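S.K.: need coordinates for the below:
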Amino acid sequence: QVQLVESGGGFVHDGGSLLLTCAASGSISGINTMGWYRQAPGKQRELVAQIRSGGSANYADSVKGRFTVSRDNARNMVYLQMNSLRPEDTAVYYCNLEVNLLGRIYDYWGQGTQVTVSS
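M.R.: Purely as a prediction, here's the structure:
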């Protein structure tokens, strides 16, 4: 059983910063990627950033240059440093873990953490 626990969400003003943290626990092996998605009210969940085991990362165009994803492989943790936040970044942010077990892909999700950016 894999569990993901996020922390670090909250309320900030336009231009502020937040650091999201996600800790993965349980029987974990074969990790492909760790990352963050978000879902705003009335919208579909979208990829924000993800990072592979080797360290390469990709970002949504809307957050490039403002957000940085990083991971600690030894501790099975992933971080999202969010700078220059905008009101349109307001959403519930979900930690995601993609695992490859014997050729099958499994996705695990955290419970979500609310990020609210006021104008």
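S.K.: got the contact list for the most centrally placed residue in the chain?
M.R.: The centroid of the chain falls nearest to residue 36 when counting by CA atoms, centre = their mean (2.0 Å). For residue 36, the contact set (CB atoms under 8 Å, 6 or more residues apart in numbering) comprises 20, 22, 47-50, 69, 78, 80, 93-96. (C-beta placed from N, C-alpha, C; glycine too.)
S.K.: the lengthiest strand in the chain: what's the following helix or strand?
M.R.: The residue-count maximum for a strand in the chain (DSSP state E) belongs to strand 91-101. Going down the chain from strand 91-101, the next helix or strand is strand 104-109, by DSSP states H and E.
S.K.: what about that next one, average pLDDT?
M.R.: Averaging pLDDT along strand 104-109 yields 93.
S.K.: which of the residues in the host helix or strand of residue 3 are buried?
M.R.: Per DSSP H and E: residue 3 is located in strand 2-7. For strand 2-7, burial by neighbour count (16 or more other CB atoms under 10 Å) applies to 2, 4, 6.
S.K.: need these in TSV (columns: distance to residue 108 and pLDDT).
M.R.: TSV is the format used below for the buried residues of strand 2-7 (distance: CB to CB, whole Å; pLDDT from 0 to 100):
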residue	distance to residue 108	pLDDT
2	5	89
4	6	96
6	12	95
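S.K.: so which of those comes closest to residue 28?
M.R.: Of all the buried residues of strand 2-7, residue 28 sits closest to residue 2, with 5.9 Å by CB to CB.
S.K.: contacting residues for that closest one?
M.R.: 24-28, 97, 99, 108.
S.K.: of those, which is the nearest to residue 62?
M.R.: Closest to residue 62, out of all of those and judged by CB to CB, is residue 97, at 22.7 Å.
S.K.: my guess is residue 117 contacts residue 12, does it?
M.R.: Yes. Using CB atoms under 8 Å, residue 117 is in contact with residue 12, at 5.7 Å.
S.K.: many thanks, I have nothing further to ask.
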